[in-house]
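> The following block contains a protein sequence and its predicted model.
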Amino acid sequence: FSNFEELKLGDVFNYDGVWYMKIDTIKSEMSVFNAVELETGILEYIAPYSDIEYQDVELRVHDF
């Protein structure tokens with residue numbers, strides 16, 4: 001993949017040196033989000049035609 005719009009929900013990708021996972025679009029009164037930063041959990045918006053680096057990864061979640 002080379003564009004954000006080509007990704008499926010749950011796909012992991014690198015954009016501008018930061019790792020994200022594509023999520024279903026969330027709309028609020030002031031913002032739109034379609035990705036979550038994996039290190040911080042912060043929601044972000046990535047434009048559909050943004051160049052990204054796709055990674056085929058297995059995501060593991062641990063309870064602490």
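Arrived safely, thanks for sending.

> what about the helices in the protein?
Here the chain has no helices by DSSP state H.

> Contact partners for the residue nearest to Ser50 when sequence neighbours are not counted?
Nearest residue to Ser50, sequence neighbours excluded (C-beta to C-beta, 6 or more residues apart in numbering): Phe4, at 4.7 Å. No exception for glycine: its C-beta is placed from N, CA and C like everyone else's. Residues in contact with Phe4, defined by C-beta atoms under 8 Å, 6 or more residues apart in numbering, are Phe13, Tyr15, Lys22, Asn34, Ala35, Ile46, Ala47, Pro48, Tyr49, Ser50, Ile52.

> One more: Asn14?
Contacts for Asn14 (C-beta under 8 Å, 6+ apart) come out as Tyr20, Ile52, Glu53, Gln55.

> Flag every buried residue along the top strand by length along the chain.
Across the chain, the longest stretch assigned as strand under DSSP state E is strand 18-27. Within strand 18-27, the residues scored as buried using 16 or more other C-beta atoms under 10 Å are Tyr20, Met21, Lys22.
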